[in-house]
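In: How does the following fold in three dimensions:
(2 chains)
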2 protein chains.
Amino acid sequence: MSNSLIVQKYGGTSLGSLERIEYVADRIAKARKTGIDIVIVVSAMAGETDKLLKMAHRLSKNPERREIDLLLSSGERISAALLALALQNRGIPALSMTGRQIGLQTDSTHTRARIINIDAKRARKMLKKNHVIVVAGFQGINEEGDVTTLGRGGSDTSAVALAVALGARQCEIYTDVDGVYTADPRVVPQARKLDVVSYDEMLEMASLGAKVLQIRCVEFAHKFKMPLIVKSSFKEYEEDKGTLICEEDPKMEQPVVSGIMCDKNQAKITLKEVPDQPGIVANIFEPLAKASISVDMIIQNVSDQGHTDLSFTLQREELDEAMVIMNKVAKKIHATQVGANAKIAKISIVGAGMRSHSGVAAQIFKTLSSHNINILMISTSEIKVSCIVKQEYSKLAVNALHDAFELQKKVAKKKTAKK
Amino acid sequence: MSNSLIVQKYGGTSLGSLERIEYVADRIAKARKTGIDIVIVVSAMAGETDKLLKMAHRLSKNPERREIDLLLSSGERISAALLALALQNRGIPALSMTGRQIGLQTDSTHTRARIINIDAKRARKMLKKNHVIVVAGFQGINEEGDVTTLGRGGSDTSAVALAVALGARQCEIYTDVDGVYTADPRVVPQARKLDVVSYDEMLEMASLGAKVLQIRCVEFAHKFKMPLIVKSSFKEYEEDKGTLICEEDPKMEQPVVSGIMCDKNQAKITLKEVPDQPGIVANIFEPLAKASISVDMIIQNVSDQGHTDLSFTLQREELDEAMVIMNKVAKKIHATQVGANAKIAKISIVGAGMRSHSGVAAQIFKTLSSHNINILMISTSEIKVSCIVKQEYSKLAVNALHDAFELQKKVAKKKTAKK
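Out: Residues are numbered from 1 along each chain as shown, chains lettered A, B, ... in the order given. Just a heads-up that it's a prediction; the model follows:
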């Protein structure tokens, strides 16, 4: 591990204009003055990737993924070259590198390739020569030498993988928010920025719809214990510490609840009077899996006269396709009715401290019921409780729970634990 | 040589919008129906390269050429992927390839690299599998694996080099004009499109300001005797034959004059009363060469009392820099005066037939004098006569000469020569 090396990743909004690129270059210049080595990973300028994708879809009904990858990879290359130029103009020796040049090898699953290896030989050489390296994120090459991309948010994954490969001290993810919050500040005005979040909590939050980090990037960081820092590129370098995502420190007291997520992009399907026979559930969910539709929560009522009602939730954009499949399934298994509800929201409470504290679920139920909010479905994990409620109550529910768990207050850390 | 393989190159205006890309894809689909194998070389969409360059120059006063190359190469990659998608959408198996993937190796002179080798192994393999290959023009990689570009118009050179490497039957350059004309049709309404031009003539025309083809591309084609065809991508595939650029056929009668060029981007510098001493000319032109300023015509008057006047022409955009140098030189060599004239034009008459026909120069002088146009300077080569005239006469001069040499009429070829 190099104690002086930091990998910084700048997202699309951080590089959205030439002015923004100049600003980022100034920040990097400042960070460099502190004596650290820096590798930068960049996304495409905001809007570029969508623009290119739109063109592809106008030209082809079913665009081949290999071509999409070549097309989209251009965006990050442009950002990398422009930022390298801006750094050079400040007298900083800088060098852009593409996915291939950084040695990022992937499998051949175009548009969502997995990283196989990073042979960062050339990057190491240039770091020794005191260069800032500006890497085009999101892309690699496969065995055949074709350009591949890592999927949406892939630049975060590039950054973490590169930090691991180069043995960096930490990986800083710069974005348009200044960290991870106890709740979405647009929904909960009292939401507070968290100083530290554990990988486990962040993984739950990311999978529950917190958009600040991709699940895959957090998984990668977790696997290799690479400290991640989420910070705003719109604030001065020294001004803000962002949120640190790292391993739980067993010596430190964990807050019971770290954050509340709300995912409105949910829908529920209910099958009425499903015959309660062995294997019937497989009949329902196999066709969905085949269509690559992910099911989230599932509830099956207690059987009544050999029949049961079955409900499950899924992402809203997959509702139409799922309903077509369910209507066929319902005929086949003789369910009497298929209903859909797109007006629901999933409220989730995440906290590593739940492991050692009971009573979180009870507190949730009490809080929601005191506001007359009905809970439609519940699911729990070791460090999470999720409830489905009517969408119209989502804002009220999140704010009520944020108050009830006093998330606006910073948890005082025990002094003894700090030793 | 593969008799069924054709390389087609499409320029930026031919790919300037998604509609244009669709149109080009339709043309390629039609061409493919005639049973030929096709390799396409594309430029960046019109305006893209300039847009990227402008951004680079806004971010850096003196942008490093390596970064410029990575930046600019994106434009052709985008075009290649988009055209491949449009072809695939028509049911044509198509594959984009970057400069690296086509195996185009260059030296390391960034922004104007020279081609060292093309290892088109993968392209050959994919051609055998009946694919249309869409190559990102203008770019290659150097020994280090860095992206290089071939300079302005480099996609034409890519196309010819690829045609040579793959042993294509011919290389077709598609652009927004439908061929090579006897004169610029905007200046001479009677200008006629030429069916055939020899490499030598085309080289003279290109160096005299005919923008339809880059000198380097014609040189490359000449060297390897690759037939070049210039055609419009705005007309139907079958509609127009364009202009064929090939070797002179000694059996065929050559037209005495093939075309008239007019270059208004000229300026003249005159040094008065230069001491007529040995070595004095070197004193004048060495500093210009050091500043990379190309001098075109030079005239030295007959010496009068140990002094002579010396005039030379150069590209107008280099006039200011040259004048600064010449004012210093004049002091040093005790010339009495330095004058500049930016209001001149160079009229050039090109024709392979001049080799065997005398009287062309005489005809030019007679024609211009009959219109009271004074000739300021003259230079000749084996197949060219150039005259400098006042710029205000340029249009008149070109039209008068076009008439005098009857260029609007097609030269009848001797029937016997065709055998």
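In: for residue A:23, what are its contacts?
Out: For residue A:23, the contacting residues are residue A:233, by CB atoms under 8 Å, 6 or more residues apart in numbering or on different chains. Heads up, the C-betas are built off the backbone N, CA and C, glycines and all.
In: Which positions within the helix or strand where it lies qualify as buried?
Out: Here residue A:23 sits within helix A:18-33, counting by DSSP states H and E. Going by neighbour count (16 or more other CB atoms under 10 Å in any protein chain shown), the buried part of helix A:18-33 is A:18, A:20, A:21, A:22, A:23, A:24, A:25, A:27, A:28, A:29, A:31, A:32.
In: now the residue of the stretch 301-419 of chain A with the smallest separation from chain B, what's its secondary structure?
Out: Of all residues in the stretch 301-419 of chain A, residue A:321 sits closest to chain B, at 23.3 Å by CB to the nearest CB. Three-state call for residue A:321 (DSSP: H, G, I helix; E, B strand; the rest coil): helix.
In: gap between residue A:110 and residue A:69?
Out: Distance from residue A:110 to residue A:69, counting by CB to CB, to the nearest Å: 5 Å.
In: Comparing those two, which residue is more hemmed in?
Out: Each of residue A:110 and residue A:69 has its neighbours counted (other CB atoms under 10 Å in any protein chain shown); residue A:69 has more, 26 against 19.
In: my read: the more buried one touches residue A:142, true?
Out: No: Residue A:69 lies out of contact with residue A:142 (CB atoms under 8 Å); the separation is 9.4 Å.
In: joint contacts of the two?
Out: Between them, residue A:69 and residue A:142 share the contacting residues A:113, A:148, judged by CB under 8 Å, 6+ apart.
In: list the contacts for the residue of the stretch 301-419 of chain A closest to chain B?
Out: For residue A:321, the contacting residues are A:291, A:293, by CB under 8 Å, 6+ apart.
In: Also residue A:118?
Out: If you count contacts by CB under 8 Å, 6+ apart, then residue A:118 has A:102, A:103, A:104, A:105, A:161, A:162, A:164, A:165 around it.
In: could you list every residue that touches the third one?
Out: Spelled out, it's residue A:104. A:115, A:118, A:139, A:140, A:141, A:158, A:161, A:162.
In: Out of the residues you listed, name the ones that lie in strands.
Out: A:115, A:118, A:139, A:140, A:141 (DSSP state E).
In: Which of the residues you listed sits closest to chain B?
Out: Nearest to chain B among the ones in strands among the contacts of residue A:104, counting by CB to the nearest CB, is residue A:141 at 9.5 Å.
In: How about that closest one: what's its closest non-neighbour residue?
Out: The shortest distance from residue A:141 to any non-neighbouring residue, by CB to CB, 6 or more residues apart in numbering or on different chains, is to residue A:100 (4.6 Å).
In: And the residue of the stretch 301-419 of chain A closest to chain B, how far from residue A:8?
Out: Distance from residue A:321 to residue A:8, counting by CB to CB: 40 Å.
In: go on, residue A:291?
Out: Residue A:291 sits 40 Å away from residue A:8 when distances are taken as CB to CB.
In: more crowded one of the two?
Out: Neighbour count, other CB under 10 Å: between residue A:291 and residue A:8, residue A:8 has more, with 28 against 12.
In: Quick one, grab the pLDDT at the residue nearest to that one when sequence neighbours are not counted.
Out: Nearest non-adjacent residue to residue A:8, counting by CB to CB, 6+ apart: residue A:172, 4.6 Å away. We have a pLDDT of 96 for residue A:172.
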